[in-house]
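Asker: from the sequence below, what's the structure:
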Amino acid sequence: MNIVAWVLQGLLAAVFLFHARLSLMPPTRERLNEGMWYILDMPPSLRVFAGVTEGLAAFGLIAPQLVGVATWLTPAAAWGLVLLMLGAIVLHLRRRRIPEHRI
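Answerer: Sure thing, here's the model as predicted:
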């Protein structure tokens, strides 16, 4: 079970680090996937807030448990990501733009 938790934490951290990089250093509209244009449409201050928050939370998912110091930060980072994702849901629903995922 411990290995599964570490793998899931690592995958979540990687995804949120990737999205944090996109939020903090967005590419041009032509280079973005069609479903991710919302990144450029967000107000710059909200985009920076989301990017910094996602990056810190990704770090918080891994580092405290890995080092064994302040391990309470790992669940706090996870709950912070839950709150951030609830805000993202509200943002997308207000804009009536639900990202489509094509397989």
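
Asker: check which helices and strands the lowest-mean-pLDDT helix or strand in the chain sits against.
Answerer: One helix or strand of the chain scores below all others by mean pLDDT, DSSP states H and E: helix 38-41, with a mean of 72. Here helix 38-41 touches helix 73-95, going by 3 or more C-beta pairs under 8 Å, 6 or more residues apart in numbering; DSSP states H and E. All C-beta atoms are positioned from the backbone trio N, CA, C, and that covers glycine.

Asker: what packs against the helix it packs on?
Answerer: Judged by 3+ C-beta pairs under 8 Å, 6+ apart, helix 73-95 is in contact with helix 2-24, helix 38-41, helix 44-67.

Asker: check contacts around the residue nearest the centre of the chain.
Answerer: Nearest residue to the geometric centre of the chain (C-alpha atoms, centre = their mean): residue 16, 3.5 Å. Going by C-beta atoms under 8 Å, 6 or more residues apart in numbering, residue 16 touches 54, 55, 57, 58, 61, 81.

Asker: out of the helices and strands packed on helix 73-95, which gets the lowest mean score?
Answerer: When the helices and strands packed on helix 73-95 are compared by mean pLDDT, helix 38-41 comes last with a mean of 72.
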